[in-house]
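**Q** I need the structure of the sequence given here:
(one chain, ligands or ions: 1)
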Amino acid sequence: MSQVAELTLDGKSYQFPVIEGSEKEKAIDIAKLRDQTSYITIDAGYKNTGATQSAITFLDGENGVLNYRGYSIEDLAEKASFLEVAYLLIFGELPTEKEYADFEYEIRTHTLVNEDMRKIFEGFPVNAHPMGVLSSLVSAMSAFYPDTQDSPDLTSLHIIRLLAKLPTIATWSYKKSQGHPVNYPQNDLDYCSNFLNMMFALPVGAYDVDPVVAKALNKLLILHADHEQNCSTSTVRLVGSSHANIYSSISAGISALWGPLHGGANQEVIEMLEAIKNDGGDIQKYIDMAKDKSSGFRLFGFGHRVYKNFDPRARIIKKAADDVLNKLGIKDPVLEIAQKLEKAALEDEYFVKRKLYPNVDFYSGIIYRALGIPTNMFTVMFAIGRLPGWIAQWKEMRTNKEPIGRPRQVYVGPAKRDYVAMSDR
Ligand code: CMC
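**A** The predicted model follows:
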């Protein structure tokens, strides 16, 4: 007989089914809890709440495992291309040669963005944060492609448009910040090279994409491509669950990612490492500050809701940071500070006791910097990487016809009372 969970409430006993995932994760299915008992559950931050049964990404926080559709992140980061991983996440299997060629071709031929989008973009101030701009422009795409009827072909087209146009739009903010004209996509270039060309080519001369840089970018994007039900992904699924269009859902995900506790941490990490450098390299001061709850300061790039041993992405990125800096002949003083900070934190009882380890954001900024990406674009890079994951999760949620996301609450405000006329208050 399959396992059940028993609950006793007010002297009555209830049974709830136990669900087991393909990697032996177990969950109590409480879908009928309120109907049967009139109780709900409270779980701040959803620390114990499974929002869905998903076939996309498996994450084992205790053992530092991350698999996309069953393939390990280590394998994919070493052997695959970002678009191959995007295909895997969105369609469930690694593409055949033909499937890959078709998918890549579709993306290559949709990279151009409607010129009227540029007019919207031009209204943003020059110092606008690129994440705010990105989220707004992705939302604006829903006005340019308003046909959101439920058809697989149309959905595929929206998906291709998003994957193709996000890098183009992303580069506009950087170009504007430099006072340079934006570059149009070059459809003979691969996905990463095209992005780098749009970022760094200037009309005054030729720009050759450095293969070391393109390879490093490919790896970083793969490492960011999905991470099951994190804050931004849950946002995408929740917004999409009201049958809001895919552009609005992804735009909401971009906004969620921007927060410093989530993807915005990559920008915070570099700013923190710079601050330590400018402070004479006083690492202990920052460790002490992070331990002092009244300081309001956290060690950015440290800790994770799920990983309680190590973040496999951080391991790969740390090694890649060394490789890329060596290959490019760059000596970045903050790399040394990051290494010392990591060592000091990992030896400190506060961090050991709370199982706080470097996360994906700790070393990624050091690579982005080496690739020439400015600090305020780091989270945009994360968004470009995470896009296939958001799309896959949105698609899965809609395909499975999941109900609208609508949590409940326990009301703790004033109990029912009578209205008091203003003159009597
Ligand atoms: N520095 C100092 N203390 C920390 C940190 C940190 N970075 N992270 C967690 N703690 C402490 C926290 O104060 C709490 O201590 P206590 O038990 O004494 O109250 C304990 O560790 C557990 O923390 P939590 O906030 O309950 O853990 P959480 O699972 O809710 O939060 C987190 C996870 C990632 C938001 C958090 O670790 C954090 O704020 N880290 C810094 C921001 C960061 O690097 N974010 C990127 C996350 S990975 C990529 C991504 O998701 O985008």
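**Q** how much space separates W172 from E396?
**A** Relative to E396, W172 is positioned 31 Å away (Cβ to Cβ, to the nearest Å). Heads up, the C-betas are built off the backbone N, CA and C, glycines and all.
**Q** how deep is I330 tucked in, by neighbour count?
**A** 13 (other Cβ atoms under 10 Å).
**Q** and it, what pLDDT?
**A** pLDDT for I330: 92.
**Q** cool, P152 as well?
**A** 82.
**Q** show me what contacts it?
**A** Counting by Cβ atoms under 8 Å, 6 or more residues apart in numbering, P152 makes contact with nothing.
**Q** quick one: buried residues of the longest strand along the chain?
**A** In the chain, with assignment by DSSP state E, the single longest strand is strand 12-20. When burial is assessed from 16 or more other Cβ atoms under 10 Å, strand 12-20 yields the following buried residues: 14, 16.
**Q** just checking: what are the partner strands of it?
**A** Using DSSP bridges, strand 12-20 pairs in its sheet with strand 4-9 (antiparallel), strand 26-28 (antiparallel).
**Q** quick one: contacts of the last one?
**A** Identification of contacts with strand 26-28 by Cβ under 8 Å, 6+ apart yields 3, 5, 16-21, 50.
**Q** same thing with stretch 326-340?
**A** Defining contact as Cβ under 8 Å, 6+ apart, one finds that stretch 326-340 is touched by 210, 212-213, 269-270, 273-274, 276-277, 281, 283, 321-322, 324-325, 362-363, 366, 369-370.
**Q** what about it, start to end distance?
**A** Using Cα to Cα, to the nearest Å, the end-to-end distance of stretch 326-340 comes to 19 Å.
**Q** what residues does this protein have near the ligand?
**A** Proximity of the chain to the ligand (Cβ under 6 Å from any ligand atom) is limited to residues 45, 230, 261-263, 265, 290, 298-305, 354, 356, 359-361.
**Q** swap in 8 Å and give it another go.
**A** The chain comes close to the ligand at residues 45, 47, 227, 230-232, 257, 260-266, 268-269, 290-291, 293, 297-306, 311, 350-351, 354, 356, 359-362, 382, as judged by Cβ under 8 Å from any ligand atom.
**Q** narrow the residues you listed to those that are buried.
**A** 227, 230-232, 257, 260, 262-266, 268-269, 290-291, 298-304, 306, 311, 351, 356, 359-362, 382.
**Q** follow-up on the earlier one: using JSON lines, lay out the strands paired with strand 12-20 together with mean pLDDT, distance to N245 and mean neighbour count.
**A** Shown next, in JSON lines, are the strands paired with strand 12-20 (pLDDT from 0 to 100; distance: least, Cβ to Cβ, whole Å; neighbours: other Cβ atoms under 10 Å):
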{"stretch": "strand 4-9", "mean pLDDT": "97", "distance to N245": "38", "mean neighbour count": "12"}
{"stretch": "strand 26-28", "mean pLDDT": "97", "distance to N245": "31", "mean neighbour count": "14"}
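**Q** those strands: which one's closest to E104?
**A** Within these, the stretch nearest E104 is strand 26-28; the backing value is 37.5 Å (Cβ to Cβ).
**Q** as a whole number, average confidence for whichever helix or strand comes after the closest one?
**A** As assigned by DSSP states H and E, the chain's next helix or strand after strand 26-28 is helix 33-37. The predicted model assigns helix 33-37 a mean pLDDT of 97.
**Q** what comes into contact with helix 33-37?
**A** Residues outside helix 33-37 that contact it (Cβ under 8 Å, 6+ apart) are 7, 9, 12, 14, 16, 39-41, 408.
**Q** residue of the chain closest to the ligand, please.
**A** Closest to the ligand within the chain is G303: 2.3 Å, counting by Cβ to the nearest ligand atom.
**Q** contact partners for that residue?
**A** 354, 356-357, 359.
**Q** closest one of those residues to E115?
**A** For the contacts of G303, the nearest to E115 is N359 (39.5 Å; Cβ to Cβ).
**Q** thought F302 was touching the closest one, still the case?
**A** Yes: look at N359 against F302 with Cβ atoms under 8 Å: they come within range, at 6.6 Å.
**Q** okay, now the unreliable bits of this protein?
**A** In the predicted model of the chain, residues 1 satisfy pLDDT under 70.
**Q** Three-state assignment for L220, please.
**A** helix (DSSP: H, G, I helix; E, B strand; the rest coil).
**Q** ok, it touching I367?
**A** Yes: L220 is in contact with I367 according to Cβ under 8 Å; the separation is 6.3 Å.
**Q** which neighbours do the two have in common?
**A** 317, 320.
**Q** buried stuff in stretch 186-202?
**A** Within stretch 186-202, the residues that qualify as buried by neighbour count (16+ other Cβ under 10 Å) are 189-201.
**Q** tell me which of the residues you listed fall in helices.
**A** If you go by DSSP state H, these have 191-200 in helices.
**Q** now do the strands in this protein.
**A** For the chain, applying DSSP E gives strands covering 4-9, 12-20, 26-28, 57-60, 65-68, 71-72.
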